[in-house]
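Model the following, please.
(one chain, ligands or ions: 2)
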Amino acid sequence: MTCKPATELLLADDAGIARAAEVLRAGGLVAVPTETVYGLAARADSAEAVAKIYEAKGRPSFNPLIVHVRDEEQAARYADLPGAARSLAEAYWPGPLTLVLSLRQDAGLAPTVTAGLDTVALRAPAHPVMRALLKQIDFPLAAPSANRSGYISPTTAGHVLASLDGRIDLVLDGGPCEAGLESTIAAIRADGSVDVLRPGPIDLGDPAESSSIEAPGQLAQHYAPGKPVRLNARDSEPDEFMIGFGEMSGDCSLSEAGDLQEAAARLYDCLHQGAASEKPRIAVAPIPDDEVGKAINDRLRRAAA
Ligand code: AMP
Ligand code: MG
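Ligands and ions are numbered 1, 2, ... in the order given. Modelled structure (predicted):
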């Protein structure tokens, strides 16, 4: 019997980032902090490396991955950037916005990254650790959230290890993620129009009502804590782990001050705590459906589905 090597855990300092670059060059898997959630990174130009992401996560292979780049210039190597894409990149990159664009024929990305689609999802992340890492390597990084597929996204190195210890090579610990919710995804159409596929930290309006599911992040059930979740709860039953907001503090408060940014940053931590608690059910206080509250409610509906 072969024994899986243990997952290395390093602080995201210069030495840690240099080690991560080395592991990635060799085709390994590294969990890296970003401003949204921790990403599970592999080199996007290697089919073998990308296959390891799907395997470690147990992710269905029809679910394409977001490719992380340094900037607009690097993005242009992999996709066509029409005017609308350039304007959005200039306004929001580096930052939590993913653009779905036409894949270039000569992109050289592993076909599994895009799940065989003729589009590719690109993002230039803002987190200093991810940026430092992207500067040290000459390939882009495919990086979905660093958790088992369908489960809650990780916003700390501890969450990553709880889900993927022994299945990946390295975790870079850069502290908790600031935005705490996955990036906004917008598709740029051939005619230059923009459709929001997934709401997120950047508010570009509401997702289009589309009949076909383009981004599996749109699936009704996702982000599941593995037990029933009751939304818009104004009080809690004795067998419920209560996630509070504002005046309702509960077992874990998203934000006592009623601040939506803080709530977004804390959402997955509270869901992880609720999942780990002895209580068989989770209740969540009402969250205002404004600004990033829309993205929080989107994730909560999927956690409850
Ligand atoms: P995750 O990294 O787990 O947050 O998931 C990435 C999201 O990006 C998924 O919902 C994907 O379906 C979506 N995505 C990635 N590539 C594409 C693409 N080419 N077209 C549409 N959605 C995409
Ligand atoms: Mg995910």
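
pLDDT below threshold where in the stretch 51-200 of the chain?
The stretch 51-200 of the chain contains no residues with pLDDT under 70.

Strands of that one, residue ranges please.
Using DSSP state E, counting those that start in this stretch, the strands of the stretch 51-200 of the chain run over 66-68, 97-102, 119-123, 141-142, 170-173, 184-188, 194-198.

again, but for the stretch 201-305 of the chain
Taking DSSP E, counting those that start in this stretch as the criterion, the stretch 201-305 of the chain carries its strands at 229-230, 240-245, 248-250, 252-253, 281-284.

Name the residues that touch the last one?
Around strand 281-284, the neighbours that count as contacts under C-beta atoms under 8 Å, 6 or more residues apart in numbering are 225, 227-233, 236-237, 239-243, 245, 250, 271, 274-275, 300, 304. Backbone N, C-alpha and C define where each C-beta goes, glycine included.

how far away is the nearest residue to residue 257 once chain neighbours are set aside from residue 234?
For residue 257, ignoring the flanking residues on the chain, the nearest one in space by C-beta to C-beta, 6 or more residues apart in numbering is residue 246 at 7.6 Å. From residue 246 across to residue 234, the span is 12 Å (C-beta to C-beta, to the nearest Å).

follow-up on the earlier one: which one, of the strands of the stretch 201-305 of the chain, ends up nearest to ligand 1?
strand 229-230 (19.3 Å; C-beta to the nearest ligand atom).

what packs against that closest one?
On a contact count with 3 or more C-beta pairs under 8 Å, 6 or more residues apart in numbering; DSSP states H and E, strand 229-230 meets strand 281-284, helix 292-304.

Now the weakest link among those, please, by mean pLDDT.
Note on the helices and strands packed on strand 229-230: helix 292-304 shows the lowest mean pLDDT, a mean of 94.

List of residues touching that one?
For helix 292-304, using C-beta under 8 Å, 6+ apart, the contacting residues are 152, 181-182, 184, 198-201, 203, 206-207, 219-225, 228-231, 254, 260-261, 263-264, 267, 271, 284, 287, 289.

If we use 6 Å, what do you get?
181, 199-201, 221-223, 225, 229, 231, 260, 263-264, 267, 284, 287, 289 (C-beta atoms under 6 Å, 6 or more residues apart in numbering).
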